[in-house]
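Chemist: here is a sequence together with a model predicted from it:
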Amino acid sequence: MTLSLCCACCGNRDAADFISVRDGQFVRGDKPYGYYIGTNMWYGPVLASATDAADPDRLAEELDSLKALGITNLRVLLGADGEAGVQSKVEPTLQTAPGVYDENMFVGVDRFLCELGKRGMTAILYLNNAWEWSGGYGQYLEWAGAGSPLNTNTATWDEYRAATSRFITNEKAREMFRNHVRNVVTRVNTVTGKPYSEDPAIFSWQICNEPRCFTDDEEVQKEFASWLKEIAGYIKSLDSNHMVSTGNEGSFGCEMNMDLYRDIHSCPDIDYLTIHIWPYNWGWAKADNLEGTLPEALSRTDRYIDSHIILAEELGKPLVIEEFGFPRDGFRFEKGSPVTCRDKYYSHIFGRLEDSARRGGVLAGLNFWTWGGTASQNPENVYWKKGDDYCGDPAQEQQGLNSIYLDDSSTIGLIRESNARLAATVPDLSGKEASEGLISMLAGAVAEGKTLYGHQDDLFYGHNWKLEGIPADGFTRSDVKESCGSFPAVLGMDLGGIEIGDECNLDGIPFEMMRAAAEEHYARGGVLTFSWHARNPLTGGDAWDITSDKAVEYILKGEGQDKFLGWLERTADFLESVKGPDGKPAAVIFRPWHEHTGSWFWWGRDLCSIRQYQDLWNLTYEYMVCRRGLANLVWAYSPGGGNSEEIYMERYPGDGTVDILGLDLYEYVREGESLDSANARFSAQMRDAFSYISRQAESRSKLAALTEAGLESLGHPAWWTEALLPVLKEYPVAYALTWRNAWDKPMHFYAPYEGFENAGDFRNFVDEGSIVMLDGLKKKGNN
């Protein structure tokens, strides 16, 4: 079709069509916007312009082709800055001098928005650029009298960084850009007669394409964050209808400083998070071996996505991968050359989005780079020159490097099919509902001054007894029940051994039996928690094998990562297999890498650095939640006791990956010490720990729990009511779990059993009124 000059009526979409964020998801009015695959088409307004570069027929054909593929979200350059005729800069330009505009180009933006509106499409409009191909930082610096812009193809990287970083601290250059923002955002569309601020065809204003501070200087980084947040607020003051985004690449765009990225995107005026992923540019894929380096590129892509998903979940905002690309096979550029590796890369990225859509995740959209459509390449020019078709790649890059043409039939098919699946996806939120329900129940108990009682391995064995198979009449034996008349509210279990494919865990419990017992306890209304004494991945020893301090490093940096991902896969398979009575995932408290403040496990304090421990935790979370979608997991962080608040928190992996702040604390009787003295010391340690754990939990909107505790053999006749209960009543502790009663070690027990001489004190503990057993949960109608 031919692009017609829009009439004013084409912009009359209802205000309810504006897109916003609600509960971490994009919505249009009151309805979900949907998960989407979009594209980058920076040159769209140029085709709609009144300049000699205009091509209205091509624009109409491109937009109609995109709509047919299900692509309705386009990321677009509002306009280039500075004079035309500059090497590696696209043209024609919009802002020819500070605050001076080529109206023939501005009309192109007007018409472009109008054409999108007619088709129900939207645009992300970026207003600046950290790179020279549209003017951007360098052009503003030149206008401010700070010298001519550098070209990334002729300057060294250090030269470009040093010169371009000055934009962040140049008040004159920044003020010129601020004025440009005002001029654009307050413009009235000459075609529709409506202000841009009232046009639902705008998905989001975007401050800049790949804004960077280009320096490790902490003060400049702070200024960079301050600038982005100030501009976001300024845009909101001019236009309250539209979202604002940064256009940042993620940690790569923040000099690998994730705290800087977090600080920027925690700003309430920035509505969602953006990342870009460039495997070739970032050295993950090699031009001379694209196929051979593809697996590494995919692995690093997953890690990059996952680390930003964690932050998006923490901030409660959507995440969009708004640029990604992969070269053509053999690093060729010409139209029609094979795209086998690219298709594999695209399929992987599309799969990540589809997984997110199925579970209602925060990864909300993709914009691949870039749309070439029907463009013809000039065989005489590797780089773009005036008069050439716009192929999508910017002027300083080889034309066709990342372009998707309509002739790329295999890639076009992938896009069409994935968008169709996304359109048909109804998110399964059952796992998230289950975990949120568990957290809500525990929080409700705390609000009532209650603590749930739990016991490790309660249904599998006890003092002098052990099940030999899954009982036909259900799991009815329990030392705790036989002592007080009720099962514990919380059933603790351990997954050690699952990672290497063992049939039984480290304490001899068959995993089939564990699953059956867990499901029965859950169906009764109980709570499930799993610890994981994983074997040493480096030495092959057990969790207590600390003969090497390289095990965590082996997982994170060495050849052990593939092995460890296999371990995570087996563990996730089991956790996913535990179902509730409705067949949906059961909510479980997952407690990996516990007691890390000590050094008796291979992940302990003296066996890995702070950063390594956090990376181990986050790798586990990323795989379980971000890749496998196990939203039914409630994550418990449980250092050992007897430490300061500083030590307790020094390895904390972040609010986005933790739900419960736990404590593992045992009472040990020192040589020559009385039981009364040991009790007092235990209570004092627990009281000291929960004084800061409860404070940290409240400030972070988390729960506090005594995730492991006990006195072996329970020699004190009043341990429950004198050592444990007073502290539980003093602090908001969601649950308290005591360790197991071994069937084969007569003195290794942490809960009473039938006939135990001190069982009466346990009954007094249970009957006191603040302790909740399974019967108490049933009365509340849990699950």
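Modeler: All right, it came through fine.
Chemist: OK, contacts around Ile546?
Modeler: Residues in contact with Ile546 (Cβ atoms under 8 Å, 6 or more residues apart in numbering) are 599-602, 604, 607. Bear in mind the C-beta positions are built from the backbone N, C-alpha and C, glycine included.
Chemist: which of those residues count as buried?
Modeler: Neighbour counting over the contacts of Ile546 (16 or more other Cβ atoms under 10 Å) leaves 599, 601-602, 604, 607 as the buried ones.
Chemist: quick one: the helices in the stretch 51-200 of the chain, in order.
Modeler: Taking DSSP state H, counting those that start in this stretch, the helices of the stretch 51-200 of the chain run over residues 56-68, 103-119, 136-143, 157-164, 166-169, 171-185.
Chemist: save the contacts of Ile546 as CSV, and put in secondary structure too.
Modeler: Putting these into CSV (DSSP: H, G, I helix; E, B strand; the rest coil) gives the following:
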residue, secondary structure
Ser599, coil
Trp600, coil
Phe601, coil
Trp602, coil
Gly604, coil
Leu607, coil
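Chemist: from those, which is closest to Phe475?
Modeler: Phe601 (29.5 Å; Cβ to Cβ).
Chemist: that closest one reaches Ala543, doesn't it?
Modeler: Yes: assessed by Cβ atoms under 8 Å, Phe601 is found in contact with Ala543 at 5.2 Å.
Chemist: quickly list what's touching both of the two.
Modeler: Joint contacts of Phe601 and Ala543 (Cβ under 8 Å, 6+ apart) are His533.
Chemist: residue ranges with poor pLDDT in the stretch 501-650 of the chain?
Modeler: By pLDDT under 70, the low-scoring segments of the stretch 501-650 of the chain are 558.
Chemist: tell me where the stretch 201-350 of the chain has strands.
Modeler: 202-206, 243-245, 273-277, 319-324 (DSSP state E, counting those that start in this stretch).
Chemist: sorry, back to before: please tabulate the helices of the stretch 51-200 of the chain in a markdown table and include mean pLDDT and distance to Ala736 as additional columns.
Modeler: Shown next, in a markdown table, are the helices of the stretch 51-200 of the chain (pLDDT from 0 to 100; distance: least, Cβ to Cβ, whole Å):
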| stretch | mean pLDDT | distance to Ala736 |
| --- | --- | --- |
| helix 56-68 | 97 | 58 |
| helix 103-119 | 97 | 58 |
| helix 136-143 | 98 | 57 |
| helix 157-164 | 97 | 54 |
| helix 166-169 | 98 | 51 |
| helix 171-185 | 98 | 55 |
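Chemist: wait, which of the ones you listed is closest to Ala705?
Modeler: Closest among the helices of the stretch 51-200 of the chain, using Cβ to Cβ: helix 166-169, at 44.5 Å.
Chemist: on contacts alone, who are the packing partners of that closest one?
Modeler: helix 136-143, helix 171-185, helix 218-238 (3 or more Cβ pairs under 8 Å, 6 or more residues apart in numbering; DSSP states H and E).
Chemist: and for it, what's in contact with it?
Modeler: With Cβ under 8 Å, 6+ apart, helix 166-169 has contacts from 137-138, 140-141, 146, 173-174, 213-215, 220, 223-224, 227.
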